[in-house]
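S.K.: What follows is a predicted protein model with its sequence.
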Amino acid sequence: MQSRFWHSREPRATGGAWKQFGHVLAFLALGLAVTPAHHSAAAAGDAVVIYGGRLLTITHGEIAHGSVLIVNGKIKEIGEKVDAPPGAEVILADGMVVMPGIVDTHSHIGVYSWPEVEANSDGNEMTDPVQAGVRAMDSVNLEDPAIQRALAGGVTTIQILPGSGNVIGGESVTVKLRPGSTMDEMIFAGAPRGLKMALGENPKRVYGSRTKLPSTRMGNIYVMRNAFQQAKDYRAKWDAWEKKPADERGAPPERDLKMETLSDVLAGKVRVHVHCYRKDEIEALFRLSDEFGFQVASLQHGLEAYKIADEVSRRNVGVATFAHWWGYKWEAWDGIPQNAGILAAHGVRVAIHSDSPDLIQRLYEEAAIAMRYGLTREDALQAITLNPAWMLGVDDRVGSLDVGKDADIAIFSKDPFDIYTQVEKTLVDGKVVYDRSKAPAPTSAGATR
Amino acid sequence: MSRSPSNTRKPYRLGDLVTGALILGAVVLGPPDGLRGAEKPAPAASASSPVVAIVGGKVFPVAGPVIEGGTVVIRNGKIEAVGKGIAVPSDAQRIDAAGQWVLPGMIDSRTHLGLWEVDLDPVTRDEDEDTDPITPQMRVVDAYYDETENISITRQVGITAALTTPGDSNLINGQSALVDLSGGDLDQVLIKFPVAMHFSLGEPPKARYGARTQLPSTRMGNAALIRSSLLQARDYLAKWDAYEQKKLACDTAKAGKGKGKKNEKCPAERPAVDMKLAALAAVLKGEVPAVFRAQRMDDILTAIRLSEEFKLRLILSHAAEAYKVADLLAKKHIPVIVGPITTQPDHIETLGAIYENAALLEDAGVKIAIQTDRTNDSRTLPWEAGLAVAYGLPWDAALRSVTLVPAEIFGVADRVGSLEAGKRADLIVTTGDPFQPLTQVKHLFIRGVERSLRTRQDELADKYR
């Protein structure tokens, strides 16, 4: 099967090689020692130069033909020319498009690992609608094959969330996609904690079908209010105990992991990400957050957020949504592909999320579809980079090509919004973690997993 | 969508189907009179079907080479002429397509349009008769809801026709229909019925019935139950053939009455009609092709084995691992409806799924069409095709796989699938490559009538923008 099909890739490989050779010469002419590009990890202290691509910086426009200098896994320099140290590893990106690694606020990779069998179903602890005490981190299958596929889609940072079967699903974990590592190595160090909550049909279906609370939307909100009220009381009890002189304290109140997490939410230490669809439930959520004084970091899905765009904007709540999914349940009936564009036009920070190990591989295409329905190009780029990073509280570290940020980078063969584009390389902290030229070629003789 | 007054809904006269011959000819094949009409040329929409000339666009006839600055003339719902330098008829409404592309409307080779409204609400879904693993008698035309919101949303991206199929969790699921997406009544939109009988192999049937401790719970159970159903149908067919012969003999003897002695076996005794077996008989006779849903290579081979045993006209669908037997499929001339291209290695039976499936099949010489297998979001068809191109499918082949090839596979290439004089005027005018998400559809014609590109979603957007 080395016939026409594979030939179709050749123009890029051979034609590009000559151009690339020319740039190597140009580089040498600058008096720089250039080592051949290879995908081995750059050790600490190593320098990497991505040379000659069209740079989409996200924060300060495009550089038609520029370079990125990476030192110690951070972006040291970016511009039409960079001052590369001798011995820097060179990644030639001539004719390619270089942008920050894609960030997804909504993934269940690892907690619903491939293949979808009961044995791999670890994302919903559906034994009680309030599960603030569980942590997605403890369910992640680090060998989920979807991780590699996400990297092949240029994704570098994801938030892994518990599912939406519970009203309060548990703590999320924000990770960088460093394949083949431990959870400790995957965790995005310094990223804020997150809590997944859910409104609407899912929790009421799960518990309603067991004739248990909640079976209605008012039941959902009641469960939330009750939980936060308990957390308030719990915190008050602990505060009172801690305020007492040591010899008068007596035994401490009982520890409750659910209440610990929820009181941390009330103390502003945990970001809240809420699965929701309908306008009315978003409004109910806002009433609740006002009542208990916490900020909602993001609406997840938020398919009807466009109906109250000004209110969402006023509250500085992000919306992570699908580009075009709709209608798969009644609460998604008024979901429209214009959602992202309308919200952005009203000043809301919008992300395109995946909620799917399939979509996560093509979030750039999803963003292009959102553009089809009115999102501007600038907002579409931000919707898969800086805005999701902002929702996760890591926008000071990732989401744009800026000096000082982590060198999490995706290199595309064409513009990311061109349907025919492919990710050539993905870098996390300056290390190449995906290289398409080294991916096994599929043949008709067998699978290539 | 305007409906011309002459096209009022006709009741389907099931009562007309009384004789044995008609049972085999019509129940099997499905269309009572009201539906059979759709096999005839499409209902003329002359009152609302002006003469149109689309001028100056880049025309992709699909059946022939691309025409830069070409003209397409539409009259009486059909394409009258396609070419360069064609005179614009004096009575024609002129559409300037300079800088734009003119292509046949796309065809999605598997959806549940009209049968399915809200995925998670069974009340709104009628594609899957979840009560028996063998339901060949189910006909999608009997559940088709023409006011579904999904049609306008699908049409908006340039899809003008879709196969609407029964589900895939029974072993034999029923009979599909090809409909155009004008949104009219069934008797107006039906392009062909029945298009195919839909069989399923692999996980869905064994998962469903195994959970009920009912046959099938294994792949060998899948094959055994399909085989025994087809054997029953073969016997049924033989019984009816014998009856027909005997009846003919009796009628002949009756015509010569008075001469010779009375035939004791006359009149011939008509066998009882069995709707299931009658439906399968049409498949055995080759009147209706058999679409087999199969993902894993061994399931694909089972489909081939069964089809050869019973001489079925096999079409494969889904077929995640078809690339592993591409040469065999090419040699046997078995067409494959691949897709969605985004099929993932997320189920045990799709662990071998790769994006290059379509490209590898096409390269081996297999005739391929692309299906979304979606309903709420079947608008993804052009982007599915684009993804197949990104993974090696030549662009021209991708265009054929969503236009002319499905028309050929479904036996309607004489009417749809390309821009040729005499075919239905089902076509689109776009701002460019229809597979690019940023390309917009500017005009869409079905049966020569320009159709609305507005959706309920646009109304909502305008209300809240």
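M.R.: Received the coordinates, thanks.

S.K.: The stretch 251-400 of chain A against chain B: which residues are in contact?
M.R.: A:306-307, A:309, A:324-330, A:333-334, A:336-338, A:342, A:345, A:357-358, A:362, A:365, A:368-369, A:371-374 (CB under 8 Å from any CB of the partner chain). The way it works is simple: take the backbone N, C-alpha and C, and place the C-beta from them, glycine included.

S.K.: what are the phi and psi angles of B:Arg447?
M.R.: Here is the backbone geometry of B:Arg447 (degrees, to the nearest 10): phi 50, psi 40.

S.K.: element containing the most centrally placed residue in chain B, please.
M.R.: In chain B, the residue lying closest to the centroid (CA atoms, centre = their mean) is B:Leu163, at 3.2 Å. Assigning secondary structure by DSSP states H and E places B:Leu163 in strand B:159-164.

S.K.: Show residues contacting the helix or strand just after that strand.
M.R.: Note on strand B:159-164: by DSSP H and E, the next helix or strand toward the C-terminus is strand B:172-175. Strand B:172-175 is contacted from outside by B:30, B:128-129, B:133-140, B:165-167, B:193-200, B:226, B:229, B:279-280, B:288, using CB atoms under 8 Å, 6 or more residues apart in numbering or on different chains.

S.K.: What subset of these is buried?
M.R.: B:30, B:128-129, B:133-140, B:165-167, B:193-200, B:226, B:229, B:279-280, B:288 (16 or more other CB atoms under 10 Å in any protein chain shown).

S.K.: burial measure for A:Pro86, as a count.
M.R.: The local packing of A:Pro86 (other CB atoms under 10 Å in any protein chain shown) involves 10 other residues.

S.K.: helix, strand or coil for it?
M.R.: Three-state call for A:Pro86 (DSSP: H, G, I helix; E, B strand; the rest coil): coil.

S.K.: Likewise for A:Gly335?
M.R.: A:Gly335 - assigned by three-state DSSP - is coil.

S.K.: Name the helix or strand for the residue lying closest to B:Thr350 once chain neighbours are set aside, please.
M.R.: Closest residue in space to B:Thr350, ignoring its immediate chain neighbours: B:Ala320 at 4.6 Å, by CB to CB, 6 or more residues apart in numbering or on different chains. B:Ala320 belongs to no helix or strand when elements are defined using DSSP H and E.

S.K.: What distance do you get for B:Ala320 to B:Arg208?
M.R.: Distance from B:Ala320 to B:Arg208, counting by CB to CB, to the nearest Å: 19 Å.

S.K.: before we move on, back to that, pretty sure B:Ile409 is one of the things the residue nearest to the centre of chain B touches, is it not?
M.R.: No. If you go by CB atoms under 8 Å, B:Leu163 and B:Ile409 don't touch, sitting 9.3 Å apart.

S.K.: tell me, how many neighbours does whichever residue of the stretch 151-300 of chain B sits closest to chain A end up with?
M.R.: Among the residues of the stretch 151-300 of chain B, B:Ile153 lies closest to chain A, at 8.1 Å counting by CB to the nearest CB. B:Ile153: 26 surrounding residues under other CB under 10 Å.

S.K.: measure stretch A:284-304 end to end?
M.R.: 13 Å (CA to CA, to the nearest Å).

S.K.: Please point out which parts of that stretch sit buried.
M.R.: Across stretch A:284-304, burial judged by 16+ other CB under 10 Å covers A:284-286, A:288-289, A:292, A:294, A:296-304.

S.K.: again with stretch A:46-60
M.R.: Neighbour counts over stretch A:46-60 (16+ other CB under 10 Å) mark A:46-58 as buried.

S.K.: got CSV for these, with pLDDT and distance to B:Pro104 too?
M.R.: Formatted as CSV, the buried residues of stretch A:46-60 follow (pLDDT from 0 to 100; distance: CB to CB, whole Å):
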residue, pLDDT, distance to B:Pro104
A:Asp46, 87, 54
A:Ala47, 96, 54
A:Val48, 97, 48
A:Val49, 97, 48
A:Ile50, 98, 43
A:Tyr51, 96, 44
A:Gly52, 94, 41
A:Gly53, 96, 38
A:Arg54, 98, 35
A:Leu55, 98, 40
A:Leu56, 98, 36
A:Thr57, 98, 42
A:Ile58, 98, 39
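
S.K.: what are the ranges of the helices in chain A?
M.R.: For chain A, the helices defined by DSSP state H cover A:4-7, A:10, A:16-29, A:146-151, A:183-186, A:201-208, A:217-243, A:257-266, A:279-292, A:309-314, A:339-345, A:363-372, A:377-383, A:386-391.

S.K.: Check the stretch 301-450 of chain B too.
M.R.: B:326-331, B:357-364, B:381-390, B:395-401, B:404-409 (DSSP state H, counting those that start in this stretch).

S.K.: among those helices, which is nearest B:Pro65?
M.R.: For the helices of the stretch 301-450 of chain B, proximity to B:Pro65 was assessed by CB to CB; helix B:395-401 is nearest, at 10.1 Å.

S.K.: okay, the helices of the stretch 301-450 of chain B in JSON lines with mean neighbour count and mean pLDDT next?
M.R.: Listed next are the helices of the stretch 301-450 of chain B as JSON lines, based on neighbours: other CB atoms under 10 Å in any protein chain shown; pLDDT from 0 to 100:
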{"stretch": "helix B:326-331", "mean neighbour count": "18", "mean pLDDT": "98"}
{"stretch": "helix B:357-364", "mean neighbour count": "27", "mean pLDDT": "98"}
{"stretch": "helix B:381-390", "mean neighbour count": "26", "mean pLDDT": "98"}
{"stretch": "helix B:395-401", "mean neighbour count": "21", "mean pLDDT": "98"}
{"stretch": "helix B:404-409", "mean neighbour count": "24", "mean pLDDT": "98"}
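
S.K.: I'd like a version of the ones you listed in a markdown table, one that adds distance to chain A as further columns.
M.R.: As requested, the helices of the stretch 301-450 of chain B are exported to a markdown table (distance: least, CB to the nearest CB, whole Å):
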| stretch | distance to chain A |
| --- | --- |
| helix B:326-331 | 4 |
| helix B:357-364 | 4 |
| helix B:381-390 | 3 |
| helix B:395-401 | 9 |
| helix B:404-409 | 18 |
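
S.K.: Just give me the neighbour total for residue 377.
M.R.: The chain I'm using is chain A. Neighbour number of A:Arg377 under other CB under 10 Å is 14.

S.K.: nope, chain B
M.R.: Counted by other CB under 10 Å, the residues lying close to B:Asp377 total 20.

S.K.: surely A:Asn120 meets A:Asn141?
M.R.: Yes. Between A:Asn120 and A:Asn141 there is a contact at 6.7 Å, judged by CB under 8 Å.

S.K.: Many thanks, have a good one.
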